[in-house]
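**Q** missing the sequence, but the structure's below:
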């Protein structure tokens, strides 16, 4: 089954229902040919939206991906490229950074986007996200940079990542263009967005969230703490009732089932796991299935 497409908001962008994240690209030990084959396989599955950030791989992942695009330029128009900016890491690649901190200033955003365009070998970024909320954010200054980049055609859509509802509202209040998404941490082990107002706000605005670490950064299947054990057991039971599907598929399907239209970011470099995630789009969880996983995570029945 091909992964379908959807709009993150009423004005876009259109993305694949699952997004491929390259956060760990530098750890996958893929040569250029293998990386191209992996991306082409994702496209064949219908996973055409790629999630980057300037800092990924200690500032190396955008360039690796851009080299692949340069070698296979026909791929670019089949992809939607997301990238993020706003975090400054201490790195030998950024010797001017003397402290890890956030920077949402217009100057930094503009410079970061120009650098990402150069490294990704592209003339536009389909979706730019502010990576983390900045306690020093001047909303007028940040908004001015985002709007200027959009007018120039360098960025087609803008959004945020890890913002609270009030932080989202602040930036949105200064923009004449809509925020397209809020990319947040959500998984069967991370339930906060379901109860802290984040998903309520996005559903009210009809803005679809993106979910990073939808499998808890791998903790769901790698650790034996009590919460992970309970959730794995629930996923296994639901998978058996759905015809013997994998626990990871059920975890993705659990996010996809939510009415906020959550878009999971799949962060594996292994094609079999990506195929497994793609299979989740065909699964239909009942409300009871959904709450079985939710209550397994909390460790208690709902009130």
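**A** The structure has been received and is ready for your questions. Since the structure is predicted, the reported quantities are computational estimates derived from the model, not experimental observations.

**Q** quick one: low-confidence parts of the stretch 1-150 of the chain?
**A** In the predicted model, the stretch 1-150 of the chain carries no residue with pLDDT under 70.

**Q** any idea whether residue 180 is helix, strand or coil?
**A** Secondary structure, DSSP: H, G, I helix; E, B strand; the rest coil: residue 180 is strand.

**Q** pretty sure it is touching residue 10, no?
**A** No. If you go by C-beta atoms under 8 Å, residue 180 and residue 10 don't touch, sitting 9.9 Å apart. Where you see a C-beta, it was placed from the backbone N, CA and C, and this is true even at glycine.

**Q** Who has more neighbours out of those two?
**A** residue 180 (26 against 10; other C-beta atoms under 10 Å).

**Q** distance of the more buried one from residue 12?
**A** Here residue 180 is placed at a distance of 7 Å from residue 12 (C-beta to C-beta, to the nearest Å).

**Q** residues shared between the contacts of the two?
**A** Common neighbours of residue 180 and residue 12 (criterion: C-beta atoms under 8 Å, 6 or more residues apart in numbering): residue 157.

**Q** ok, how many other residues are close to the closest residue to residue 51 other than its chain neighbours?
**A** Excluding its sequence neighbours, the residue lying closest to residue 51 (C-beta to C-beta, 6 or more residues apart in numbering) is residue 21, at 4.2 Å. A count of nearby residues for residue 21, using other C-beta under 10 Å, gives 25.

**Q** ok, residue 21 - contacts?
**A** For residue 21, counting by C-beta under 8 Å, 6+ apart, the contacting residues are 50, 51, 212, 265, 266, 267.

**Q** in the sheet, who's paired with the second one?
**A** When bridges are taken as DSSP bridges, the partners of residue 51 come out as residue 21, residue 82.

**Q** right, and it touches residue 82 too?
**A** Yes. Applying C-beta under 8 Å as the test, residue 51 and residue 82 come out as touching, 4.8 Å apart.

**Q** what touches both of those two?
**A** Shared contacts of residue 51 and residue 82, defined by C-beta under 8 Å, 6+ apart, are found at residue 19.

**Q** rewinding a little: separation between the residue nearest to residue 51 and residue 47?
**A** Distance of residue 21 to residue 47, computed by C-beta to C-beta: 10 Å.

**Q** Find the residues that touch each one of those two.
**A** Listed contacts common to residue 21 and residue 47 are residue 266; contacts here mean C-beta under 8 Å, 6+ apart.

**Q** how deep is residue 266 tucked in, by neighbour count?
**A** If you count neighbours by other C-beta under 10 Å, residue 266 ends up with 23.

**Q** Please name the nearest non-neighbouring residue to it.
**A** Residue 266 sits nearest to residue 277 (C-beta to C-beta, 6+ apart), 4.6 Å away.

**Q** Just give the number of residues close to that neighbour.
**A** Counted with other C-beta under 10 Å, residues neighbouring residue 277 total 28.

**Q** now for the helix or strand containing residue 108, which elements pack on it?
**A** Using DSSP states H and E, residue 108 falls within helix 106-120. Here helix 106-120 touches helix 61-71, strand 80-85, helix 139-151, going by 3 or more C-beta pairs under 8 Å, 6 or more residues apart in numbering; DSSP states H and E.
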